[in-house]
Structures are given as C-alpha cells and as structure tokens.
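Undergrad: got a structure for you, letters missing:
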C-alpha cells in the first residue's frame, strides 16, 4: 500500500504509512516510498504564503460575540490598495487621523522635541477621544471605558455615560498604532473593532470611487444608521447619507453614499446609530482610498 499525503492548512503535511509483507514487497514498498517522498517534499515546499495582503481573517470569537475588525488585524489590505497607498502606518494600516501621512507625523515629532508641542499625541486615550469628539463630532461619546496597550498597538473603548450613573456603554473600540519611529512616535487611529454593529463593506484598504456602497451587520431594535465620508484635514464630511432603517439580530444593512474627494486620498467611512439613550450610541469606521 502506498503512503497517503494529507495537507493540514498552508504548508503543513503528514504522511500515513502502509504495511507490505515479504522481501519483494518490502523492496517495492521502499522504492515507492522514496518516490512518494520526493513528490511530497515538492508539494510541501510549494505551498502559498499567508502573510499580510494574501489572506484575511474575517473575525474571531470573543465570548458570545463575533468580532469583525475594520482594521487589518482582521482584514488585510488588497494588493491594489497597498500599491496605491501613499503612506501606510506600520507598513499596513490606513492613516485615518490625526495625521494624513508619515511626513505630518515626523513634522509633529520635530515640533514636540523642540518645544513640547501638542503632547496629547503621545496619549492613546486622549487621541481616541479627540478623534471621536473632534474629528467625528460625536461629543456625547465622552468616556474612556477601557484601554489595552501592547507596544506600539492600542485599543481604546470609548462610550457614553450610563443612565442614572450606571456603567458607561461602549460605543466603539478604537484601534490605534504608533506612526513612525522612536519613543515619541505619535498615536494614529487606523480603524475600529466591531461587534454588534459592523462596517465591513467596502473592505479595509479598498480603492473606491463615488458613489460607494457601504454596509455591514447590526443587532438592535428600531435603529437608524447614518453614514459619513470624512478625511483628515477636512472639517466637514465629504459625503453623507441619512438615515437607513435597520434592526434585528445580526441583520445586514447597506447604503450608497456620494462624495467628492481628490484621487489617491485616504478616506474614513463612518457608520453610526443611536437615538434610544443618546444621539450616538454605537459607531464603526473603516479606511479606504480614492481611485486615481
């Protein structure tokens, strides 16, 4: 009996050996095994890689909720998106805010080193709240509920005040990454980690044109979803759509938004919902680039 090859994932192989009785059988078996091993070595060595840009993790289990990330921790940029990107954060993330590119981040570093200019860029919590309240305009989301920092990577949960002084509700988990080199590299918002309200279309890092179709899934009752198209350096949305009725348990939602933006520019797509306790109770963002 010839050996059988089984492939386990990408590049992982196992061999199940058969049994043959007799001297002649053993000779034939040995010859067959040597030939099979030669084929097996070639097959295992020719597997496709699974680095950034070649595969995408669509989500992971966190308790009972499926986390759908709007940053490359879950969805890697496509090859088209990477080739058209002018300045990625840590080589793979879209720079959403506060810096539009690495040059702006370096300029801030120089001003900080020479005169201590805007030290809040070194604080992940303050950067997350400034992004939420200043850039997105969600002034009612004013609480830092939780933060996790690992080296140059941070997740900051921002939320709204609980009713009657109760525990704050989480509106979004903002993903930040250090932009540039050195211990004073500033924090940059690169996306959100989404659970009961997600923004997954278009994919993170996708190249888009106007109009763009956006969408995801939502769990809730009588929801009204607003979509904005924003960019660092612009005080007002470059496009907006309101309001999309939605509701249910993990129900898909979608909308089409028209916008005006320069070719090659990085955009922040923002979806928000609320109206039960606060104007904005949950939001999600993702980063894309305008087609050239």
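TA: That came through, no problem. Predicted, not measured: the structure shown is a model, and the values here were computed from it. Numbering: from 1, shown residues only.
Undergrad: okay, CA-based contacts and neighbour counts for the rest of this
TA: OK.
Undergrad: assign a three-state SS to residue 278, would you?
TA: coil (DSSP: H, G, I helix; E, B strand; the rest coil).
Undergrad: and it, what is it in contact with?
TA: Taking C-alpha atoms under 8 Å, 6 or more residues apart in numbering, we find residue 278 in contact with 140, 160.
Undergrad: just the one 10 residues further on next, same as before
TA: Residue 288 is in contact with 94, 202-208, 266-269, counting by C-alpha under 8 Å, 6+ apart.
Undergrad: thinking residue 105 is in contact with residue 178, fair?
TA: No. The criterion here is C-alpha atoms under 8 Å, and residue 105 misses it with residue 178 at 9.7 Å.
Undergrad: among these two, which residue is more densely surrounded?
TA: Applying other C-alpha atoms under 10 Å to residue 105 and residue 178 shows that residue 178 carries more neighbours, namely 24 against 21.
Undergrad: hey, what's the more buried one bridged with?
TA: Beta bridges link residue 178 to residue 187 when assigned by DSSP bridges.
Undergrad: that one and residue 241, how far apart?
TA: Distance, residue 178 to residue 241, by C-alpha to C-alpha, to the nearest Å: 32 Å.
Undergrad: how about residue 103?
TA: 32 Å.
Undergrad: so these two - more neighbours on which side?
TA: Here residue 103 and residue 241 are set side by side on neighbour count (other C-alpha under 10 Å), and the busier one is residue 241, at 16 against 13.
Undergrad: residues touching residue 221, list them.
TA: Residue 221 makes contact with 246-248, according to C-alpha under 8 Å, 6+ apart.
Undergrad: among the residues you listed, which one sits closest to residue 165?
TA: Minimum distance to residue 165 across the contacts of residue 221 is 27.3 Å, recorded for residue 247 (C-alpha to C-alpha).
Undergrad: quickly find the element holding that closest one.
TA: strand 239-257 (DSSP states H and E).
Undergrad: quick one: contacts of that strand?
TA: By C-alpha under 8 Å, 6+ apart, strand 239-257 touches 196, 210-230, 258-260.
Undergrad: now list the buried members of these.
TA: The neighbour count (16 or more other C-alpha atoms under 10 Å) marks 196, 214-220, 223-230, 259 as buried among the contacts of strand 239-257.
Undergrad: and residue 106, backbone torsions?
TA: The phi and psi torsions at residue 106 (degrees, to the nearest 10) take the values phi -70, psi -40.
Undergrad: what is in contact with residue 105 and residue 178 at once?
TA: 185-186.
Undergrad: local confidence estimate at residue 72?
TA: pLDDT, residue 72: 60.
Undergrad: now the strands: where do they sit in the protein?
TA: Taking DSSP state E, the strands of the chain run over residues 4-7, 13-16, 60-62, 65-69, 143-150, 153-160, 169-178, 187-194, 207-208, 212-230, 239-257, 266-273, 282-290.
Undergrad: using a markdown table, lay out the ones you listed together with distance to residue 119 and mean pLDDT.
TA: Formatted as a markdown table, these follow (distance: least, C-alpha to C-alpha, whole Å; pLDDT from 0 to 100):
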| stretch | distance to residue 119 | mean pLDDT |
| --- | --- | --- |
| strand 4-7 | 52 | 28 |
| strand 13-16 | 52 | 28 |
| strand 60-62 | 34 | 32 |
| strand 65-69 | 29 | 51 |
| strand 143-150 | 18 | 97 |
| strand 153-160 | 17 | 98 |
| strand 169-178 | 14 | 97 |
| strand 187-194 | 11 | 98 |
| strand 207-208 | 33 | 98 |
| strand 212-230 | 25 | 97 |
| strand 239-257 | 32 | 97 |
| strand 266-273 | 24 | 98 |
| strand 282-290 | 25 | 98 |
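Undergrad: and the ones you listed as a markdown table, adding distance to residue 89?
TA: Rendered in a markdown table, the data for the strands of the chain read as follows (distance: least, C-alpha to C-alpha, whole Å):
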| stretch | distance to residue 89 |
| --- | --- |
| strand 4-7 | 35 |
| strand 13-16 | 35 |
| strand 60-62 | 23 |
| strand 65-69 | 17 |
| strand 143-150 | 16 |
| strand 153-160 | 11 |
| strand 169-178 | 7 |
| strand 187-194 | 8 |
| strand 207-208 | 17 |
| strand 212-230 | 18 |
| strand 239-257 | 25 |
| strand 266-273 | 12 |
| strand 282-290 | 12 |
